[in-house]
Every structure is written in C-alpha cells, then in structure tokens.
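>>> Okay, predicted coordinates and the sequence, questions at the end:
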Amino acid sequence: MYTSTLQIIMTIIHYFFLVFSAIAIASYVILAIISAIETIEYMKKNSFVNYKEILSSTFSPSISIIAPAYNESLNIVENVRSLLSSYYVNYDVIIVNDGSKDDSLSKLIEAYDLIQIDNLFNEHIKTKPLRKGIYKSTNPAFDKLTVIDKENGGKADALNMGLNMSKNKYVACIDVDCLLLEDALQKLIKPFLETTDVKVIAAGGVIRIANSCTVKDGKLLDVNFPKTWLEQGQILEYLRAFLLGRMAWSRLNGLLVISGAFGLFDKKIAIKVGGYDTNTVGEDMEIIVRMRRYMEDQKQKYKVAYIPDPLCWTEAPDNYKTFISQRNRWTRGTIETLKKHRKIGFNPKYKSLGLISYPYWFFFERMAPIIEVTGIIYFGILIFLNEVRWDYAFAFIIVAYLFSVLFSIVAIVSEELTYHQYKKKSIGFKLIMIAFLEPFVNHPTILYSAIKGNIDYYFYKKIEWGTMTRKGMTKA
Amino acid sequence: MNENLHILESLKHSSPIIQLIWGLSCLFFIIIAILTFYLKYLRNHLRVNEKIETKYQEIYESYLVTYLYAGNDEEAFSSEQQIIIEKLKKYAADPFKRKIIVSTLLKLRNEISGEMGESIDKLFIKLGLLRYSLAKLRSKKWDVIAIGIRELTQFKIKAVHKIIMNNINHPKREVRKEMQFYLVHLYAFEGLEFLNVLETPLSEWDQIQLLEVLQLNNNTQIADIKPWLKSSNDSVVIFALKIAKVYNQFEAKEVLIELLNHKCEDVRINAISALSHLNIIEAKNILKNNFNDRGHEEQIGFLKMMENVYEASDKTFLMEHINHKSTEIKLLVIEVLKNINFEEFALNEAELKKTLTA
C-alpha cells in the first residue's frame, strides 16, 4: 500500500516536471518564431528610413535624458560626454547625483564648468530633498546639461527627481554608465511618433555588453569580445533575451519590462502613475507593469514598444560576486513586482496582460529557477534511493542540453543576419563555444542567485543601489 | 559495429517516450551542426561582401567625382564622361554591383545640390538605372516598391508621376508614405494635394518629415491651407496647423479661430499654438471667456500665448487663477503678471518657489 502510494506520487512529480519542461520549451520556440517574424518586418520597414530628417528637425519632440548616478566618479565625466553627443536636436540631459559619497559632483563641476542655479520645478512626485542644489554649465557647448545634487534615496528616487525636473514631453531613463549610441534617441522615438491607432507609453531597445570594447570620448570605437566565460556567457544571454524574446513580446504587446539601462517613456503617463516605486529593487519592471495597468484601467488603447536596434552598450559584471548580486536583485525585483500587481494575474479584465504576460512571467521567470532547483534536489534524492531510471534521465538531460545549445545558436544566427556587431574573425567560433559551455558556466550561478534572491526577499528585505565595481571601458 | 547495433536494438525495445526524446536529440544535434556550418559560411560571406562593397564603393566614388568635374557647357556629356558612363554601365549589368552603384549615387546625391546634383540625376537615367527602379514598382513585395519610389524621389524623376500615383491607396503604410514624399519632394506644396483625399492618419513622424522636405524647397508659392484646416481627417488638420505656424498663414485667421472649438483636443491645442505664434489677439478674448471649460493642456497653451499678447486689462482675469490647483498654471499666471507689473508679482514667485522647494 505504502509503496504503491509512493509510486503514484513519484509518477505525478515526474509528469509535472515533464509537462513544465515541455511547455517551457514550446513557449521558447513560439516566442523565437514570433520574434523572427517581427524582426524581419522591422528590418524591412526601417531599411530605407531617413533618420536625418528627424534629427535636424525643430519639430521633433523634446526628450530629457535622465541619468541617476551614485558613486560613479571613475567614469562620470566620460559617460556624461557620451550622453551629450547624441545626434538628436531637441533634447537635454539631467544627471541626478543621488547623494554620492565620492567626488562625482566636483568632477562634473570641474569638467563642465557648472555653477549652481536657482531653478523652479514642479514636485509631481515626492522625492528626497536637494543636497547642494541644481547646476547648469556656463559653457554654451554644454547648455543641454543639468546636474541635480540631492540626498540619497535610491535609483528610483533619483529618477523621480529627474521626472519632476524635466520640462519635455518624453523622458529617456538611462544608467549613467551606459554608452548611448548617437542615433539611439531618434530610433527609439520613432515608435511614439509613427503609431497612430494606439498610444505608445514606453519603448526600449537592445542593450549590448561593452566589456573589452574600445571607447574614446564617450564613443564606441571598436567592438571586442571579452575574455572570461562569465562575460561571454552574458553576451549570449543578452542576445537570446533581446533578439528571441522581447521582440515577440512586443508583437504580442505583452512586454512587462523595459531594461533599466535605457528606456523611453511618455512623461505624462509616467507621472500620472506616480513615477518609479522607491520600495522595490525592480523599479524598471514595476513602472512598466503599473503604466500598463493604469492604461488598462482607463480603457485606453496603448502599446509598450520594442525595437531590435542596438541602442546602448553597458558594462556587465566581470566577476561572480557582482554577477550574483545583480541577478539576486533582478530576482527580488521580479518577485516584488509580480506580488504587488498580483491582481492582474489570470484576470481576464486585463486581457493579454493578465492572461499571457503575467502567467508567463510567473511560471517561466519567477518560478522556473525554483522548479529547476527542486528538480535537481529531487534527482539527488532519487540517486540516493537508487530509484533513478538512467535510460530516462540520460535521454532527458541530453535533450535539454541540446535544446539550450540550439536556442543559443539560433540567437547567434539572428544576430549575424540582422546587426552583425561582432565582426572580427574567431568571435564566431568563440560564440559557438560559449553556447556549448554556458549551461555549465553561467547557468548554475544564475540558479544560485535566483534562489538566494528568493531567500533574501523573504528573510532579509532591504533596498539598496546595485553596487557594481566599475573597471571603466577600454580606452583608445 | 556490434556495440552500435546493440544500442539501436535496446532503443527499439525502450518506451515510446525515450524513443521520442532520442529522436528529438538527434534532430537538435543535426540542426546545431547545420547552423554551425551555416554560421561559419554566413560570417565569412558577410565579411567578404563588406570588403568587396567597400572596394567597389571607392572605385565608383572616384569615377563619379571624375565624372562630375569632367563636364563642359558645350555637350550634354563630355567624351571623358562618356568613357566613365560606359564603364559604369558594364558594372551596372551585375545586380550586386548595380546595388552598390545606386547606393553610391544616392550618397553623393544627398551631399550635393545644384548643377552637380542635376548631373547625377542625368547619370542615373543614362546608366539605365531608371529601368530597374521602375521594375521595382511592379514587384509584389511592398518593401521593394517602397525602395523603388525612394530611388525615384532621390533622383527627382518627375516623368513617372502617374505610375507612382497608382500607389495612392496601397495597403501598406510605408508605400503610401514613400509616395507622399515623392510628391512633396518633387512638387512641394502642389504635391500636398494628396491631403485632400487622405483618409488614413498622417503620423507625427510623417508630418515632421514632410515639413522638413517642404523647407528644403525654395518655392515661395504656398498652397491654400484652408481646405486642409477643414478636413475631416484630424491628422490633416494638425499638419495644416503646423504649416500655418511655419509659413505664418495669417490669411487663415478665421478658420484658425474656428478650430478653437474643434471636437478633437489635439487639434484645439495645436490651434492655440498656431494662434499664439501668429499673435492673433482676437483668440485671446475667446479663450479668456471659456478658460475654465478647457482642458489642462489647452489652458497651459493659452497662458503661454498670453506671455506674448498680454495687456494691463488682463490682470483681473489672471488674478482669478493665481491660486489655481495646478502649480504649472500658477507659475505661468505669475509669469504673465510679472510682465504686467514685475515688482508686484516677483514676490508671489519667490513665495511659490519656497513652497515648492520646502
């Protein structure tokens, strides 16, 4: 009796893992196919677009780039130069120094001839108060730049200060260490301006990893492939996520996240929903979900757009400690956002947002690492009990591994067929190599970080700036 | 060999799930192998193509520069130009090289104007490239048609106007857009006649591009925008309002004032902006009288307008709104009041600043 009950339970568990894996694989394949269709459509539409006419036009809408900074002294001067070198004509740059303890502010004052000014702004969203105040440059070459020095309140609070300060229609929220490409703004503003049937409330694009790339005066000169497996694995991971995932979600109008590294927002809507949430570590995801929820509640047609063009390059963690800390934050951010907006989940009132996007994120982003680790532990127990059917186990491990490799290689092929950014010889071989190695190199660490994120969320809640030791990009 | 047979034999006797999984594994493995080789080929192909393209682009650029400076006033094409034309014609027979020639010509065409620009347009026809652009218009692929129209626009081929007009109701927005650019590029305001029949929305992106193209044109003959201001297509009205602003269309004053009561808020906001730009004082009194009935954006637009057309008699109206619930409006009201009497209202501004920064 006891044995047969145990057998039934075990069979149920086996089928649970089998069905979960099958649905996960099927969803990845479907998303990849939709992504391919959307990318081809996008490439066709934009292959003959003349961005120059928008660039120089005084009719182009105004954009504020908001870049929060916390202890970014090492690269801040060069990073701000990159932000100031956009080809777009109608924009300004707001740097929010969020109570940095280093000499970021004095470096900026010196490099950009800043002086303190008396500026009036509307506090739509409550933030921490100003510390030293607001600065503008005396040099006309930097008249687009405003620096705000405020008391420390976290990244979300700094972004909210920028939202209050901006006088423009659109705001581009960007990590200050991101290397923004010169044509990024006009490419990202396009979905807002060309869509007539629905209101575009936010847009994002592809973020690339700049580790080992050569940079001069805030401009990317040479794309190189980093040496460590950890960095290479992240490149592959970004390619998969951006080229095979987000394009599909854009097509389905189901995007729940625009990368915090760079995204463009309709300021009015962002302010109406109350700006960034200062009580979460996943403020980039949370604001998108809240904006979407607001539009659904208002019964207004809307879209969160996404474009496959590489728009900015960012430094990724090059050591396991920082990598784990970053992924831990991402996990906590996802948990917090999904929990806060649980009303959306499986709720037909929210249409595709509630019935497709939320469930997908819940099962395949939020729960997947937990289910995977549970599966590994369960497998360990079966080995211990000598209950493993090795013919099954071996076959499933091989098929799962081959699928993950295949999926990565499809992402690499997509990259080559579209933007072909890694042009140098031998990088192709390295990309293939890392596709085979990544399941052993990065994936276990990602799983560990996700589990740690869950533990930290439930037992050690705290919000802090994501600290990352900057090495600085390779200078020419 | 025996071992392989043994594996196959045991697979044959295993459960269907295992057979399926191994089947999938084999399939994945084969696809991985194919994609790996394809990737190798693709990267090589892209690298080689890039090199060849750069090489030919340099050759064609040098030919074209020589061509441009080899012209004379006596002949349509000098003998030196004829030689270059013959050489380029040979290259143009190959589709890959033809694509590079067209892109080089386009690049150069965008950089130069005047006689030299016209010389490039003539060369485009002389090389027989017009034939290929026209062939693109007959394609079943919408993106090829759009590229064809763009080429004809860039090289200012007016003779194909009728053929291009066939696409006025093309189902694909991009093709319609290219056709509109063709018309405006080549016929300036006359080309805007498509607005009379346009039923689909004209996006903000298209509007910006059309305005830029119009500004490139030196023709001072501006079309009558009144019919567009009365269009049933709101996007056409908004576009016409922008034209009114850029080209100071005082003649349309009455229609512009009528638009203050348009059903669409965006139209009303743009109308206020145009009236403000044109400093039309009559609009001020209309807006003052129904200020409270208007939306937030309209109110802001109106107060910005007041900054240019204020009078001392507006003080009473402004005082009514000095304690408005919106800080943005409060600030604008104080700004206008400051213009009327600086000393009296600068103090209000200082107090407001204190409240905001507290």
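On my side now, so go ahead.

>>> in the longest strand along chain A, what counts as buried?
Taking DSSP state E as the criterion, chain A has its longest strand at strand A:302-314. Buried positions in strand A:302-314, judged by neighbour count with 16 or more other C-beta atoms under 10 Å in any protein chain shown: A:302-314. To be clear about C-beta, it is placed using only N, CA and C from the backbone, and glycine gets the same treatment.

>>> That strand and chain B, any residue contact?
No. Residues of strand A:302-314 are not located near chain B by C-beta under 8 Å from any C-beta of the partner chain, the shortest gap being 12.7 Å.

>>> list the buried ones in the helix or strand just after that strand?
Following strand A:302-314 in sequence order, the next helix or strand is helix A:320-340 (DSSP states H and E). Buried residues in helix A:320-340, counted by 16+ other C-beta under 10 Å: A:322-338, A:340.

>>> From the chain's centroid, how far away is the following helix or strand past helix A:320-340?
Proceeding N to C from helix A:320-340, the next assigned helix or strand is helix A:351-352, under DSSP H and E. Relative to the centre of its chain, helix A:351-352 is centred 23 Å away, using C-alpha atoms, centre = their mean, to the nearest Å.

>>> which other residues reach helix A:351-352?
A:Leu252, A:Asn253, A:Gly254, A:Glu296 (C-beta atoms under 8 Å, 6 or more residues apart in numbering or on different chains).

>>> residue contacts, the third one?
Shown in contact with A:Gly254 (C-beta under 8 Å, 6+ apart): A:Ser352, A:Leu353, A:Ile356, A:Ser357, A:Tyr360.

>>> what do you get if the cut-off is 10 Å, keeping everything else the same?
Neighbouring residues of A:Gly254 by C-beta atoms under 10 Å, 6 or more residues apart in numbering or on different chains: A:31, A:246, A:248, A:292, A:304, A:351-353, A:355-358, A:360-361.

>>> pLDDT on the strand or helix carrying A:Glu78, on average?
Counting by DSSP H and E, the element that carries A:Glu78 is helix A:76-84. For helix A:76-84, the mean pLDDT works out to 89.

>>> mind giving me the domain ranges of chain B?
B:1-42, B:50-127 (automatic domain parsing).

>>> Tell me the gap between the last one and the middle of its chain.
Put simply, domain B:50-127 sits 27 Å off its chain's centre (C-alpha atoms, centre = their mean).

>>> Do any residues in that domain lie close to chain A?
Yes. Applying C-beta under 10 Å from any C-beta of the partner chain, one finds domain B:50-127 touching chain A at B:Glu50, B:Asn110.

>>> about what we covered before: what residues of the helix holding A:Glu78 count as buried?
Neighbour-count burial for helix A:76-84 [16+ other C-beta under 10 Å]: A:Ile76, A:Val77, A:Glu78, A:Asn79, A:Val80, A:Arg81, A:Ser82, A:Leu83, A:Leu84.

>>> cool, stretch A:31-45 as well?
A:Leu31, A:Ala32, A:Ile34, A:Ser35, A:Ala36, A:Glu38, A:Thr39, A:Tyr42, A:Lys44, A:Lys45.

>>> filter those residues by proximity to chain B?
Answer for the buried residues of stretch A:31-45 near chain B (C-beta under 10 Å from any C-beta): A:Lys44, A:Lys45.

>>> got the phi/psi numbers for A:Lys199?
phi -90, psi 120 (degrees, to the nearest 10).

>>> Contacts only, for it.
A:Phe192, A:Asp266, A:Ile269, A:Met295, A:Gln300, A:Lys301, A:Tyr302, A:Lys303.

>>> let's see it at 7 Å
A:Gln300, A:Lys301, A:Tyr302 (C-beta atoms under 7 Å, 6 or more residues apart in numbering or on different chains).

>>> Any figure for the gap between it and chain B?
A:Lys199 is 12 Å from chain B, where distance means C-beta to the nearest C-beta, to the nearest Å.

>>> hmm, back to that, roughly how far is the longest strand of chain A from the heart of the chain?
Taking C-alpha atoms, centre = their mean, one finds strand A:302-314 lying 10 Å from the centre of the chain it belongs to.

>>> got it, and stretch B:43-51?
For stretch B:43-51, the distance to the chain centre is 31 Å (C-alpha atoms, centre = their mean).

>>> buried ones in it?
So stretch B:43-51, judged by 16+ other C-beta under 10 Å, has buried residues B:Arg43.

>>> Other residues contacting that stretch?
Contacts for stretch B:43-51 (C-beta under 7 Å, 6+ apart): A:Glu416, A:His420, A:Lys423, A:Gly428.

>>> For B:His296, list the residues it contacts.
B:Ser326 are the contacts of B:His296 under C-beta under 7 Å, 6+ apart.

>>> give me that answer again for 10 Å
A:Lys268, B:Glu265, B:Ser326, B:Glu328, B:Ile329 are the contacts of B:His296 under C-beta under 10 Å, 6+ apart.

>>> any idea which element residue 45 lies in?
You didn't pick a chain, so chain A it is. With DSSP H and E as criterion, A:Lys45 is part of helix A:2-46.

>>> wait, chain B
B:His45 belongs to helix B:16-69, assigned by DSSP H and E.

>>> per-residue confidence averaged over that helix?
Computed over helix B:16-69, the average pLDDT equals 93.

>>> ok, and what's touching whichever helix or strand comes after it?
Downstream of helix B:16-69, the first helix or strand assigned by DSSP H and E is helix B:79-92. Contact with helix B:79-92 is made by B:56, B:59-60, B:62-64, B:66-72, B:75-78, B:97-102, B:104-105, B:119, B:122-123, B:126-129, B:131-132, as judged by C-beta under 10 Å, 6+ apart.

>>> for the chain, what spans make up the strands?
I'll assume chain A. A:63-69, A:91-98, A:114-117, A:130-137, A:145-150, A:170-174, A:179-180, A:199-209, A:214-216, A:219-222, A:262-266, A:302-314, A:474-475.

>>> coming back round to it: out of the contacts of A:Lys199, who's nearest A:Arg389?
A:Tyr302 (50.2 Å; C-beta to C-beta).

>>> For the closest one, list the residues it contacts.
Per C-beta under 10 Å, 6+ apart, neighbours of A:Tyr302: A:195, A:198-202, A:253, A:266, A:269, A:291-292, A:294-296.

>>> Which of those ranks first by neighbour count?
Most neighbours among these, by other C-beta atoms under 10 Å in any protein chain shown: A:Ala202, with 28 neighbours.

>>> Please name the bridge partners of that residue.
On the basis of DSSP bridges, A:Ala202 is bridged to A:Phe265, A:Val304.

>>> ok, and the closest non-adjacent residue to the spatially most central residue of chain A?
Geometric centre of chain A, nearest residue: A:Ser259, 2.4 Å, by C-alpha atoms, centre = their mean. Distances taken as C-beta to C-beta, 6 or more residues apart in numbering or on different chains place A:Ile207 nearest to A:Ser259, at 5.1 Å, with adjacent residues excluded.

>>> what about the one you found, how many residues close to it?
A:Ile207, neighbours per other C-beta under 10 Å, totals 22.

>>> So it is in contact with A:Val257, correct?
No. With contact defined as C-beta atoms under 10 Å, A:Ile207 does not reach A:Val257; the gap is 11.6 Å.

>>> Mutual contacts of those two, please.
Joint contacts of A:Ile207 and A:Val257 (C-beta under 10 Å, 6+ apart) are A:Ala241, A:Gly263.

>>> which stretch of helix or strand covers the residue in the stretch 51-200 of chain B positioned nearest to chain A?
Nearest residue of the stretch 51-200 of chain B to chain A: B:Asp143, at 4.3 Å (C-beta to the nearest C-beta). Using DSSP H and E, B:Asp143 sits in helix B:142-154.
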